[in-house]
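Peer 1: Sequence unavailable; structure follows:
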């Protein structure tokens, strides 16, 4: 019986082995078919933002030259512009007698600074749009390199996308060859794009008070000049409507004054904006200036009215960077304009470089906008006989008069007020002797006095025929004297003070503000 069982097991095992061999033999054609099938199908692209379009080649019949090499990743993306003679294959030489060369394609990456709500149209068109030297695909990614939209339609050879970004920041584009047999012979393609501000919808409940002045279209209308790729990543941001949104406490490097539109007769100004609320003590400043760069900084409120400005932090010591401190009293946008105030040749613009940041700090560590009470080497004017004033002392880095408030509130009721005399003289030093002479007073210059704690405007007046103006204001502490047109600001202690501003021809503002 034991032998019968063993023989039965062996026979059963033999049947299993024969069945497996027959199954393998009958499934062989199907496996071969599964290997052959992808050769006749379109290769599926990976949706990962970093995956290249693998396995696509072009059969070149002519020499193709890549005029913008090296933009095959997000990190090396080129600035998006209207351009021609672009290629998805590297430079290739076809040897005489060789009818064709198979070359793997490479994806091209581009970027632009998108603005929330703008209408962006981008199209990639092969040079032979009728028969198609390329069958192009186009992807759009946000600033975090996440896929937003694609055009992979193979019914025509071009690719086009219209998108309205919902954020302000960088947007990326990838151009690649779709794997369609017989439609990839190399050659060139061109890029076309527009970046338009949406047309505002007219209000049905109110009548417009005026016809707005047409806004200049920002962006290249021609192929950019050779230096265009050297513009900073925030361009175009040369007006309020295209101001770049910044964060508090973040330093932004590698900024410059390279023109976006070379056809314009203006020079590059950079506009930024950040969200503020009442009670914030904001200090915006430029730093890390490249040799020869000279910044000028002006702050504007949510209504785009000039608040204060500064040209040089310490001109006497060669520090040409700019810094402005402002105590905010509203909720909304705080705008900052950074420029140089003069025009540079295109050959010099690429050498400009600066960094920019806006910091928020407590009032106990705030530094006034401008430390000296007058320009270096200029004596303080003796006050007029009607008002006895004492010269403003040079402020220490941490002024003792700034008070720490637990909450950004208005002046508490009952806090005693002090009558503070303030005097200013502005003169144009025509003879260059560094002192005001008869007839050198500058008339009509606006001077303003603000409460340093609340930011409230206490007084405003224009200089008279002698270039002088005097105030007596009531405040619980120190006040701030500003002359916006000349980018001047200083702190006046409760005991009062006087300031003298010497103006020379080279110090008059040109385009800022």
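Peer 2: Done, it's in. From a predicted model like this one, the values you see are computed outputs, not experimental measurements. Residues are numbered from 1 along each chain as shown.
Peer 1: separation between residue 289 and residue 250?
Peer 2: Going from residue 289 to residue 250 by CB to CB, to the nearest Å gives 19 Å. Quick note: C-beta positions are derived from backbone N, CA and C, even for glycine.
Peer 1: Neighbour count for those two, which is higher?
Peer 2: Taking neighbours as other CB atoms under 10 Å, residue 289 and residue 250 compare with residue 289 leading, 17 against 11.
Peer 1: quick one: contacts for the more buried one?
Peer 2: Going by CB atoms under 8 Å, 6 or more residues apart in numbering, residue 289 touches 295, 320-321, 353-354.
Peer 1: does it count as helix, strand or coil?
Peer 2: Under DSSP: H, G, I helix; E, B strand; the rest coil, residue 289 falls in the coil class.
Peer 1: switch to numbering from 783
Peer 2: Got it, first residue is 783 now, which makes that one residue 1071.
Peer 1: how much space between it and residue 1028?
Peer 2: For residue 1071, the distance to residue 1028 (CB to CB) stands at 18 Å.
Peer 1: Residue 1087 now?
Peer 2: Computed as CB to CB, the residue 1087 to residue 1028 distance reads 20 Å.
Peer 1: More neighbours: these two, which one.
Peer 2: residue 1028 (20 against 9).
Peer 1: hang on, the more buried one packs against residue 1057?
Peer 2: No: judged on CB atoms under 8 Å, residue 1028 makes no contact with residue 1057 at a distance of 9.4 Å.
Peer 1: Low-confidence ranges, the protein, go.
Peer 2: Filtered on pLDDT under 70, the chain yields the residue ranges 783-837, 843-850, 873-882, 911-913, 962-964, 982-1011, 1044-1048, 1144-1197, 1287-1295.
Peer 1: Would you map out the domains in it?
Peer 2: Domain segmentation of the chain under automatic domain parsing yields 839-978, 1012-1143, 1152-1295.
Peer 1: Can you give me the first-to-last residue distance of the first one?
Peer 2: Start to finish, the residues bounding domain 839-978 are 36 Å apart (CA to CA, to the nearest Å).
Peer 1: ok, now the shortest one?
Peer 2: When the termini of domain 1012-1143 are compared using CA to CA, they are 34 Å apart.
Peer 1: give me the number of residues near residue 1205?
Peer 2: Residue 1205 sits with 25 neighbouring residues when counted by other CB under 10 Å.
Peer 1: Isn't it up against residue 1250?
Peer 2: Yes: if you go by CB under 8 Å, residue 1205 and residue 1250 touch, sitting 7.3 Å apart.
Peer 1: still on that earlier bit, what about the contacts of residue 1071, which one has the most neighbours?
Peer 2: Per-residue neighbour counts (other CB under 10 Å) across the contacts of residue 1071 peak at residue 1077, which has 27 neighbours.
Peer 1: Need the nearest residue in space to that one, chain neighbours excluded.
Peer 2: Once flanking residues are discounted, residue 1077 sits nearest to residue 1068: 4.3 Å by CB to CB, 6 or more residues apart in numbering.
Peer 1: So what touches the one helix or strand the one you found maps to?
Peer 2: Taking DSSP states H and E as the definition, residue 1068 sits inside strand 1063-1069. Residues from elsewhere that reach strand 1063-1069 (CB under 8 Å, 6+ apart): 1030, 1033, 1056, 1058, 1077, 1079, 1081, 1095, 1103-1110, 1116, 1118, 1120, 1136-1145, 1148-1149.
Peer 1: now those: which count as buried?
Peer 2: Among the contacts of strand 1063-1069, the ones that count as buried by 16 or more other CB atoms under 10 Å are 1056, 1058, 1077, 1079, 1081, 1095, 1103-1110, 1116, 1118, 1120, 1136, 1138-1140, 1145, 1148-1149.
Peer 1: Which ones among those map onto strands?
Peer 2: Counting by DSSP state E, the part of the buried ones among the contacts of strand 1063-1069 found in strands is 1056, 1058, 1079, 1081, 1105-1109, 1116, 1118, 1120, 1136, 1138-1140.
Peer 1: so residue 1227 makes contact with residue 1247?
Peer 2: No: look at residue 1227 against residue 1247 with CB under 8 Å: they stay out of range, at 11.8 Å.
Peer 1: Which one's more surrounded, the two?
Peer 2: Set residue 1227 next to residue 1247 and count neighbours by other CB under 10 Å: residue 1227 wins out with 20 against 10.
Peer 1: List phi and psi for that one.
Peer 2: Main-chain dihedrals, residue 1227, degrees, to the nearest 10: phi -90, psi 130.
Peer 1: Chain neighbours aside, what residue packs nearest to it?
Peer 2: That would be residue 1245: by CB to CB, 6+ apart, it lies 4.6 Å from residue 1227.
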